[in-house]
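>>> Sequence unavailable; structure follows:
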């Protein structure tokens, strides 16, 4: 009888472990799809309000290639992004490459993003940027931390 109990507990434990691994794999796949969608929506943003809506206003830092280089806090990030959008027309972007890694609670998206736009003086511009966004889940939703 003890042998049967030990076998039963071993099988039950194995089933629970297999279920947990499968559940976590599905959660990570769902999270990867969610982050990929957020990345695409952020790339298509046409205003500062749209773009910063993807970030956690209580925990945001951005890095830029132009001075001030680092912007800490929601107001500073918004001002930097708004300055760009205010001086840009016909902005179009696409992913050259996008990779998302997640465990279901935290995620990192790193990409190469190519943009074309017209500046306020009418000159066509283009650039390709390396971008890394870190996300954490808050109240069941992902919010970006760092760009």
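Thanks, I have it. Here the structure is a predicted model, which is why all the values come from computation and not from measurement.
>>> contacts, neighbours, all on C-alpha from now
OK.
>>> Low-confidence ranges, the chain, go.
For the chain, the stretches flagged by pLDDT under 70 are 1-28, 143-147.
>>> just the helices in it please.
2-43, 48-52, 74-86 (DSSP state H).
>>> Does anything pack onto the last one? Which helices or strands?
Applying 3 or more C-alpha pairs under 8 Å, 6 or more residues apart in numbering; DSSP states H and E, we find helix 74-86 packed against helix 48-52.
>>> Quick check: buried residues in the helix it packs on?
For helix 48-52, the neighbour count (16 or more other C-alpha atoms under 10 Å) marks 48, 51-52 as buried.
>>> Give me the residues contacting it.
Contacts to helix 48-52, defined as C-alpha atoms under 8 Å, 6 or more residues apart in numbering, come from residues 42, 45, 74, 77-78, 81-82, 85.
>>> Write the PyMOL selection for whichever of those residues are buried.
Here is the PyMOL command that selects only those of those that count as buried (16+ other C-alpha under 10 Å):
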select buried, resi 42+45+74+77+78+81+82+85
